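3D model of this:
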Amino acid sequence: MRNLNHETITEAVLERQDKTADPRLKQIMTSLVRHLHDFAREVQLTEDEWFKGIEFLTRCGDITDGKRQEFILLSDVLGLSMLTVAMNNDKPAQCTEATVFGPFHVQGAPDYELGADISNGARGIPCLVRGTVRDANGAPVPHARMDVWQSDEDGRYDVQYTDIDHAQARGVLHADADGRYHFRSILAVPYAIPDDGPVGDLLEATGRHPWRPAHLHFMIEAPGYETLITHVFRSDDPYLDSDAVFGVRQSLIAEWKAQPDGSYLVEYDFVLNPVAARMP
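Here you go, the predicted model:
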């Protein structure tokens with residue numbers, strides 16, 4: 001096609017990709033092209049603005065490596081991560097809600113026995129974490145695999161350090177035969193998401209702060225149940241209502257209780273959703 005203008009080019013692009021064999025890919029690409037073109041027309045996007053957008057995405061790619069995923073961070077602060085989680089994790093009311101995965105999960109975290117200290121040298125006030133994993137009827141889910149990770153008292157994850165060569169404040173445990181779990185770690189604290197890159201520049205330009213409320217990450221798996229990716233948040237955190245990545249849910253908030261010896265205790269029970277029970 002020749003002599004296309006700003007009104008006719010959209011249909012030309014759609015016609016060009018009309019032979020896409022995968023129907024789902026065709027649906028996604030058709031909607032993507034329409035929305036992108038409509039967005040550009042709506043805001044009257046200039047060539048300079050378009051180029052700055054390309055530069056921004058290029059910077060996201062340049063700063064991304066095996067320890068930092070700037071594109072996940074961008075998705076998080078735009079609310080897209082949590083929107084996708086919400087759309088794809090519609091569970092019965094009694095089941096534990098899912099929330100964002102975050103950019104700091106690491107495959108191959110060390111295995112620990114129940115009761116172990118997963119902090120492994122991470123700085124922070126000692127904290128005992130315990131509870132149960134059960135199903136929607138209250139029955140225990142035995143031997144559920146629990147992948148746990150968190151930041152240290154400075155609000156940094158182990159992978160953000162260049163001088164640490166072993167996992168800290170992360171590990172994999174298994175609930176016992178009665179679905180009970182307990183382990184030791186450190187007190188969760190609020191922290192700022194990495195704001196020294198393009199996503200940080202975006203937050204500053206839009207008048208937003210980079211802070212996340214204190215939390216523990218959990219990924220829980222058991223045969224016959226949907227994998228649960230979630231957080232447990234501290235009830236006294238000042239950022240619960242302004243989480244930079246929109247991940248807080250009231251049902252995921254728990255009290256960290258100060259103990260006489262200066263440590264803390266947090267208790268939380270997880271309820272998994274059976275695979276066959278997904279709501280339509």
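
all strands of this structure, in order?
Per DSSP state E, the chain carries strands over the ranges 126-135, 145-149, 170-174, 180-186, 191-192, 211-212, 215-221, 228-234, 253-254, 257-258, 264-267, 270-272.

and of the ones you listed, who's closest to residue 243?
Of all these, strand 211-212 sits nearest to residue 243, with 5.7 Å by C-beta to C-beta. No exception for glycine: its C-beta is placed from N, CA and C like everyone else's.

out of the strands of the chain, which gets nearest to residue 18?
Taking C-beta to C-beta, strand 228-234 is the member of the strands of the chain nearest to residue 18, at 36.7 Å.

and the closest one with strand 145-149, angle?
Angle, strand 228-234 to strand 145-149, by axes from the mean of the first three to the mean of the last three C-alpha atoms, to 10 degrees: 50 degrees.

for the stretch 151-280 of the chain, which spans come out with low pLDDT?
Applying pLDDT under 70 to the stretch 151-280 of the chain flags the ranges 277-280.

got the phi and psi for the spatially closest residue to residue 158 that is not a sequence neighbour?
Leaving aside its chain neighbours, residue 158 sits nearest to residue 168 (4.1 Å; criterion: C-beta to C-beta, 6 or more residues apart in numbering). Torsion angles at residue 168 (phi, psi; degrees, to the nearest 10) stand at phi -130, psi 140.

quick one: neighbours of residue 168, just the number.
With neighbours defined by other C-beta atoms under 10 Å, the count for residue 168 comes to 25.

do the same with the one 5 residues further on
Residue neighbour count, defined by other C-beta under 10 Å, stands at 22 for residue 173.

ok, now residue 254?
Counted with other C-beta under 10 Å, residue 254 comes out at 18.

and what of residue 56?
The tally of other residues near residue 56 (other C-beta under 10 Å) stands at 14.

quick check: it touching residue 198?
Yes: if you go by C-beta atoms under 8 Å, residue 56 and residue 198 touch, sitting 5.3 Å apart.

dump the lengthiest helix in the chain to CSV, restricted to CA.
Criterion DSSP state H: the longest helix present in the chain is helix 23-43. The C-alpha coordinates for helix 23-43 follow below in CSV (Å, rounded to 0.1, in the frame of the first residue of the first chain):
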residue,chain,number,x,y,z
PRO,A,23,-5.4,-17.2,16.8
ARG,A,24,-4.5,-15.9,20.2
LEU,A,25,-1.4,-14.1,18.9
LYS,A,26,-3.6,-12.6,16.2
GLN,A,27,-6.1,-11.3,18.8
ILE,A,28,-3.3,-9.8,20.9
MET,A,29,-1.5,-8.2,18.1
THR,A,30,-4.7,-6.8,16.5
SER,A,31,-5.7,-5.2,19.8
LEU,A,32,-2.1,-4.0,20.5
VAL,A,33,-1.8,-2.2,17.1
ARG,A,34,-5.2,-0.6,17.5
HIS,A,35,-4.5,0.7,21.0
LEU,A,36,-1.0,1.9,20.2
HIS,A,37,-2.2,3.8,17.1
ASP,A,38,-5.2,5.2,18.9
PHE,A,39,-2.9,6.3,21.8
ALA,A,40,-0.5,8.1,19.4
ARG,A,41,-3.4,9.8,17.7
GLU,A,42,-5.1,10.8,21.0
VAL,A,43,-2.1,12.5,22.5
